[in-house]
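Novice: turn this into a structure:
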Amino acid sequence: MRIAALWLALWLSLSPVAASAAKKTVYICPMHPTYKSDRPGKCPICGMDLVPAEGQTATKPAGEHKKRPKAEKEETLPLAPVRIPPERQQLIGVRTARVSHERLVLSLRAPARVTHDETRLFEVHTRVSGWVEEVRVDYTGRFVKKGETLFTLYSPEVLSTEEEFVRTLRWLSGLKKRKASAEALRAAREAAQAAERRLRLWGFPKTALAQLKKTLKPRRAFPVISPLSGFVVQKAVFPGKRVTPAETLYTLADLSRVWVEADFYESEMSEIKPGLEVEVIFPGRERPLKGRIEEVYPWVEERLRVLRARLTLPNPEGLLKPGMWAEVRVQIPLGMRMVIPDEALIYGGGHYYVFVKKGAGLFEPRLVKVGRKVGEKRIILSGLKHGEEVVVSANFLIDAESRLKAALSAFGGGSGGHAHH
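Specialist: Numbers count the residues shown, from 1 in each chain. I've put the predicted structure just below:
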């Protein structure tokens, strides 16, 4: 008999009836009994361990529970309406504010820095190999004018071409004196033009070429001149150094215009667009400079997690120097929006809710969808209507009483007396 009883118990534990019974265990939170789950775990509201609910009916089967729309779960709040007499409202400091529509302007500030205008940077290279003889511009930070000699370069190839050019010029001059044939004159001119063309391609300056034609004396080292007016940002030239066309010898920067790069938060990405007018504030300057965002870089800076925007400012006096810090301010009109004071919102873990005044001391909890915070106001996307009143002070005390009332109702104890103490 004892063995038969054991077999019967084992069969009952493995039967579908027993399995379905096991699935019907309901778990609740001791502090928030309105929250129910078909498995143990943590309460999403307060974090306490869930415990089996004793003496309660089973929840719906697991399959049916999964089919419930997600929106239905999100709309559930473990709260209950609360009625508070006027004298108690005054005692705990309840204040309300009306839901209104206002024309909003979003004010953003971003740290910024001055950098070189990349379109006004120039690298100086030689077009022929050689040796540096005399360095005229010999330190970083110096201002050079367009056409000013940076250094002189000795190149055997250039020197031999100069000598060839001088010989062809003398040959051409002699042919003209002897009144040679047209074919001989044409051959001499073509030889001189070929030598002159090679010199120009190697960067031989026009002034030096004109002097060579006049004196007919080749120069051992020809001058390498600056292609623009600007400041020396980088220098890699020293007397006696051998250089090749692959080397960057100088980096020059024209600072008559500069870039300003501002760093905005990732959350502001949707608001920052090319064309926005901005003000740039520099330390020590009384008046801000006005500009317009020209480019929003198509990436986020990994280390700082910021979105970078760029604008250009004129700098005719050279007062704006690369490396300077600044602040960029932008005003973005948002139009008419429904707003409430930000202090009226209570965060419930994944959602926001407020307490709406319904008259006669009754306050009703309500879920709301919120947008951006603008100053001390918060944009309301849905959940409220224009003209309704929401609690902005003592709302956490009302929230605690609402939760307690909901818990007592779940246990079947009622809350009629509680609402008036």
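
Novice: tell me the bridge partners for residue 153.
Specialist: residue 132, residue 222 (DSSP bridges).

Novice: contacting residues for it?
Specialist: 126, 128, 130, 131, 132, 133, 221, 222, 223, 224, 243 (CB atoms under 8 Å, 6 or more residues apart in numbering). C-beta coordinates here come from the backbone N, C-alpha and C atoms, glycine included.

Novice: kindly write the ChimeraX command that selects the buried subset of those.
Specialist: With 16 or more other CB atoms under 10 Å as the criterion, this ChimeraX line picks the buried residues out of the contacts of residue 153:
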select :126,128,130,132,221,222,223,224,243
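
Novice: can you list the weak-confidence ranges in the stretch 201-350 of the chain?
Specialist: The model of the stretch 201-350 of the chain has no residue with pLDDT under 70.

Novice: ok, which stretches of it are helices?
Specialist: 206-215 (DSSP state H, counting those that start in this stretch).

Novice: likewise the stretch 51-200 of the chain?
Specialist: Along the stretch 51-200 of the chain, counting by DSSP H, counting those that start in this stretch, helices occupy 62-66, 70-74, 86-92, 156-177, 182-201.

Novice: of the ones you listed, which is nearest residue 207?
Specialist: helix 182-201 (12.4 Å; CB to CB).

Novice: list the buried ones in stretch 99-119?
Specialist: In stretch 99-119, counting by 16+ other CB under 10 Å, buried: 99, 104, 106, 108, 110, 112, 114, 116, 117.

Novice: try stretch 352-363
Specialist: Neighbour-count burial for stretch 352-363 [16+ other CB under 10 Å]: 352, 353, 354, 355, 356, 357, 361, 363.

Novice: just the C-alphas of it, formatted as CSV.
Specialist: C-alpha atoms of stretch 352-363 as CSV (Å, rounded to 0.1, in the frame of the first residue of the first chain):
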residue,chain,number,x,y,z
TYR,A,352,6.0,60.2,-15.6
TYR,A,353,2.7,61.0,-13.9
VAL,A,354,1.1,63.9,-12.1
PHE,A,355,-1.8,64.5,-9.7
VAL,A,356,-4.7,66.4,-11.3
LYS,A,357,-7.1,68.4,-9.1
LYS,A,358,-10.7,67.3,-9.8
GLY,A,359,-12.5,69.6,-7.4
ALA,A,360,-13.8,69.2,-3.8
GLY,A,361,-10.3,68.2,-2.6
LEU,A,362,-10.0,65.2,-4.9
PHE,A,363,-6.6,64.5,-6.6
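
Novice: just give me how far it sits from the chain centre.
Specialist: 39 Å (CA atoms, centre = their mean, to the nearest Å).

Novice: next: stretch 154-173.
Specialist: 59 Å.

Novice: how about stretch 151-168?
Specialist: On CA atoms, centre = their mean, the centre of stretch 151-168 falls 54 Å from the chain's centre.

Novice: same question, stretch 321-340
Specialist: Stretch 321-340 has its C-alpha centroid displaced from the chain centroid by 14 Å (CA atoms, centre = their mean).

Novice: does residue 291 touch residue 278 like I think?
Specialist: Yes. The criterion here is CB atoms under 8 Å, and residue 291 meets it with residue 278 at 5.6 Å.

Novice: out of those two, which sits in the more crowded spot?
Specialist: Between residue 291 and residue 278, residue 278 has the larger neighbour count (other CB atoms under 10 Å), namely 22 against 19.

Novice: what's around residue 255, how many residues?
Specialist: Applying other CB under 10 Å, I find that residue 255 has 21 neighbouring residues.

Novice: which SS class is residue 404?
Specialist: helix (DSSP: H, G, I helix; E, B strand; the rest coil).

Novice: kindly report the same for the one 3 residues further on.
Specialist: Taken by three-state DSSP, the conformation at residue 407 corresponds to helix.

Novice: how close does it get to residue 381?
Specialist: From residue 407 across to residue 381, the span is 30 Å (CB to CB, to the nearest Å).

Novice: who has more neighbours out of the two?
Specialist: A count of neighbours by other CB under 10 Å puts residue 407 above the other of residue 407 and residue 381, at 19 against 11.

Novice: from what I can see that one touches residue 34, true?
Specialist: Yes. Using CB under 8 Å, residue 407 is in contact with residue 34, at 7.2 Å.

Novice: could the buried residues of stretch 99-119 go into CSV alongside distance to residue 171 and pLDDT?
Specialist: CSV is the format used below for the buried residues of stretch 99-119 (distance: CB to CB, whole Å; pLDDT from 0 to 100):
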residue, distance to residue 171, pLDDT
99, 97, 96
104, 83, 94
106, 78, 92
108, 73, 94
110, 69, 96
112, 64, 97
114, 57, 97
116, 50, 96
117, 49, 96
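
Novice: of all the residues you listed, which two lie farthest apart?
Specialist: 99 and 116, at 50.6 Å, using CB to CB across the buried residues of stretch 99-119.

Novice: out of the helices of the stretch 51-200 of the chain, which is closest to residue 122?
Specialist: helix 182-201 (18.8 Å).

Novice: the stretch 301-421 of the chain: strands as residue ranges?
Specialist: Using DSSP state E, counting those that start in this stretch, the strands of the stretch 301-421 of the chain run over 306-314, 325-341, 346-347, 352-359, 362-374, 377-382, 389-393.

Novice: among the ones you listed, which is the most enclosed?
Specialist: Among these, strand 389-393 has the highest mean neighbour count (mean count of other CB atoms under 10 Å), at a mean of 20.

Novice: which residues touch that strand?
Specialist: So strand 389-393 is contacted by 93-99, 340-341, 343-344, 354-357, 363, 384, 398 (CB under 8 Å, 6+ apart).

Novice: surely residue 360 meets residue 84?
Specialist: No. Contact status for residue 360 versus residue 84: not in contact, 10.1 Å apart, counting by CB under 8 Å.
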